[in-house]
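Participant: no sequence for this one, just the structure:
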Ligand code: SF4
């Protein structure tokens, strides 16, 4: 996507620039000696996709290390296993750039593109970074369904939809697992984030996570002729 280079070169948030680089300089023992990406993460996947998945932000030692979103951490293990099962990914694992992973009819992005301390971006950082999500959504001509991984992503997507001129219901729709809301010609689906906080506690099970992508896929099949028209 054309904005990807702009994303990668971005240094608009001084706190996050410092944090992403600090993580690279002080890795945990298991990653010592690895060369970190330590820059913002562009989106990944099929630019012509009908499905967009949006997370919170890269993990300091996951995407910030490997240079690909949801790659090299436990959340990514859950996500790509589910995407493979649903037929959106050609393999169930995402370990590093060059591992052969490809997505079909699916694109993955985040509300904030740099790893934040404690996985908590500041509102000003979210508002600065949201421009990239707005532009990505505008560029995705076939987009129909957006999956929000977690409440931060849910709120960020609603904000991005409003900024891109789409009608968003008021009052603000509440986040929930498998919550659905229509916004213009798009449908937003909520999913608990596959963070260890949710997967270790049983808040999110693999079955419940698989339901999100099976549901999204069924929705695409019912509402689009994109595949047939290709
Ligand atoms: Fe730029 Fe977004 Fe990173 Fe801030 S979080 S420096 S806006 S890419």
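Facilitator: That came through fine. Only a predicted model underlies this, so the values are computations on that prediction, with no experimental measurement involved.
Participant: before we move on, what SS does the spatially closest residue to residue 17 that is not a sequence neighbour have?
Facilitator: Distances taken as C-beta to C-beta, 6 or more residues apart in numbering place residue 11 nearest to residue 17, at 5.1 Å, with adjacent residues excluded. Every C-beta, even on glycine, is put in place using the N, C-alpha and C of the backbone. Here residue 11 is coil, with the state taken from DSSP: H, G, I helix; E, B strand; the rest coil.
Participant: Give me the neighbour count for residue 11.
Facilitator: Here the count is done by other C-beta atoms under 10 Å, and residue 11 has 10 residues near it.
Participant: Now do it against residue 131, distance only.
Facilitator: Look at residue 11 and residue 131: by C-beta to C-beta, to the nearest Å, they are 14 Å apart.
Participant: same check, this time on residue 45
Facilitator: For residue 45, the distance to residue 131 - C-beta to C-beta - is 20 Å.
Participant: again, but for residue 78
Facilitator: Per C-beta to C-beta, residue 78 is found 29 Å from residue 131.
Participant: Tell me which of those two has more neighbours.
Facilitator: Per other C-beta under 10 Å, whichever of residue 78 and residue 131 has more neighbours is residue 78, with 22 against 16.
Participant: State the three-state secondary structure for the more buried one.
Facilitator: When the rule is three-state DSSP, residue 78 gets the label helix.
Participant: That one reaches residue 194, doesn't it?
Facilitator: Yes: the pair residue 78 and residue 194 passes the contact test of C-beta atoms under 8 Å, sitting 3.6 Å apart.
Participant: Residues that sit against both of the two, list them.
Facilitator: Both residue 78 and residue 194 are contacted by 204, 209, under the criterion C-beta atoms under 8 Å, 6 or more residues apart in numbering.
Participant: so what's residue 144 closest to, chain neighbours aside?
Facilitator: Across the structure, with C-beta to C-beta, 6+ apart as the measure, the residue nearest residue 144 apart from its sequence neighbours is residue 50 (4.5 Å).
Participant: no, scratch that, I was asking about residue 96
Facilitator: The spatially closest residue to residue 96, leaving aside those adjacent along the chain, is residue 66, at 5.2 Å (C-beta to C-beta, 6+ apart).
Participant: OK, contacts around that neighbour?
Facilitator: Contacts of residue 66 (C-beta under 8 Å, 6+ apart): 37, 72, 95, 96, 97.
Participant: How about the residues of this protein by the ligand?
Facilitator: Proximity of the chain to the ligand is assessed by C-beta under 6 Å from any ligand atom, with 7, 10-13, 16-17, 40, 112-114, 125, 128-129 identified as the residues in range.
Participant: Give me the buried entries from these.
Facilitator: Of all the residues of the chain next to the ligand considered here, the ones buried according to neighbour count by 16 or more other C-beta atoms under 10 Å are 7, 10, 13, 16, 17, 40, 112, 113, 114, 125, 128, 129.
Participant: and which of these is nearest to residue 215?
Facilitator: When those are compared for distance to residue 215, the smallest value, 25.9 Å, is given by residue 112; criterion: C-beta to C-beta.
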